[in-house]
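In: requesting a structural model of the entry that follows:
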Amino acid sequence: MAQDRWATFDCYGTLIDWNGGIRRELARVFGEGRADEQLDRYHVVEPALQVGGARSYREVMTATMRELGASEEEAFALAESLPFWEPFPEVRPSLEAVRAQGWKLAVLSNTDRDFITASLERIGVPFEIAIVASEIGSYKPDHMHWTTFFEETEAERERHVHVAQSHFHDIAPANELGLRSIWINRYGECREPLATRELDDLSELPEALDELVAA
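Out: Predicted coordinates:
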């Protein structure tokens, strides 16, 4: 009898509109005219503050806002807004179809437990397990999320696929680990190494997963 099929997901940027959520708050704090510039800076500052895994994601977001020049009063605003960020429109129907095809779902996220709980409630589709950075003391692209996932689920690597938008945080380390991956390339980027599959969004995910791992 075949073992379970597992799909692991990054959450923010893949399932939840991460850039949209961050940009809205940056526009509110710094003004619309500076929002794009500050978003670009955010993507540089945040990964540097995650190195070592000692900070919770709430602490990372708050420290990043301080680095961007937010007042102390506004430094906590981004973290406070995260539970209200919305999923991309195709996410729920695609995940429901994936579950209907018999896949088990897991989230491997660079975040905190309360954040991921709020976001999964917004998505509205059950996940078997969620592994978060603040509980394992490690942020992707380090490999600890995947190590913990395989230890806790005893999933077979040959019956697993990782799905994510961030090439840096997810696709590159999945490649290093020899895992199948689907890159949700929402922004039309050109990056190497190549994922096993590449999609524009999650609309065709159910078909892509079944092509990679047969039932």
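
In: what distance do you get for the closest residue to A35 other than its chain neighbours to M65?
Out: Distance criterion CB to CB, 6 or more residues apart in numbering; nearest residue to A35, sequence neighbours excluded, is A27 at 3.8 Å. Using the backbone N, CA and C atoms, a C-beta is placed for each residue, glycine as well. Counting by CB to CB, to the nearest Å, the gap from A27 to M65 is 13 Å.

In: try N110
Out: 17 Å.

In: kindly report the same for S203.
Out: Applying CB to CB to S203 and M65 gives a distance of 33 Å.

In: chain center to the longest helix along the chain: distance?
Out: Taking DSSP state H as the criterion, the chain has its longest helix at helix 32-50. Its chain's average C-alpha position is 17 Å from that of helix 32-50, according to CA atoms, centre = their mean, to the nearest Å.

In: check which helix or strand the residue nearest to A35 maps to.
Out: Element membership of A27, judged by DSSP states H and E, is helix 18-30.

In: dump that helix to CSV, restricted to CA.
Out: Output in CSV follows, covering the C-alpha atoms of helix 18-30 (Å, rounded to 0.1, in the frame of the first residue of the first chain):
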residue,chain,number,x,y,z
TRP,A,18,2.8,39.0,1.9
ASN,A,19,4.0,41.8,-0.4
GLY,A,20,0.6,43.3,-0.5
GLY,A,21,0.2,43.2,3.3
ILE,A,22,3.6,44.7,3.9
ARG,A,23,3.3,47.4,1.3
ARG,A,24,-0.1,48.6,2.6
GLU,A,25,1.3,49.1,6.0
LEU,A,26,4.5,50.8,4.7
ALA,A,27,2.4,53.2,2.6
ARG,A,28,0.4,54.0,5.7
VAL,A,29,3.5,54.6,7.9
PHE,A,30,5.8,56.2,5.4
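
In: that helix - contacts with which helices or strands?
Out: The helices and strands touching helix 18-30, judged by 3 or more CB pairs under 8 Å, 6 or more residues apart in numbering; DSSP states H and E, are helix 32-50, helix 57-68, helix 77-81.

In: domains in the chain, as residue ranges please.
Out: Domain assignment for the chain by automatic domain parsing gives 5-16+86-212, 18-83.

In: before we move on, back to that, of S203 and M65, who's got more company?
Out: The neighbour comparison of S203 against M65 (other CB atoms under 10 Å) goes to M65, with 26 against 16.

In: in the protein, what spans have low per-residue confidence?
Out: The chain contains residues with pLDDT under 70 at 1-2.

In: let me see the ranges of the strands in it.
Out: Applying DSSP state E to the chain gives strands spanning 5-9, 103-109, 129-132, 160-164, 180-184, 197-199.

In: can you put these in a markdown table and add distance to A174 and mean neighbour count?
Out: Listed next are the strands of the chain as a markdown table, based on distance: least, CB to CB, whole Å; neighbours: other CB atoms under 10 Å:
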| stretch | distance to A174 | mean neighbour count |
| --- | --- | --- |
| strand 5-9 | 9 | 24 |
| strand 103-109 | 10 | 23 |
| strand 129-132 | 14 | 20 |
| strand 160-164 | 5 | 26 |
| strand 180-184 | 4 | 24 |
| strand 197-199 | 12 | 17 |
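
In: quick one: closest of the ones you listed to S119.
Out: For S119, the closest of these is strand 103-109, at 8.4 Å, according to CB to CB.
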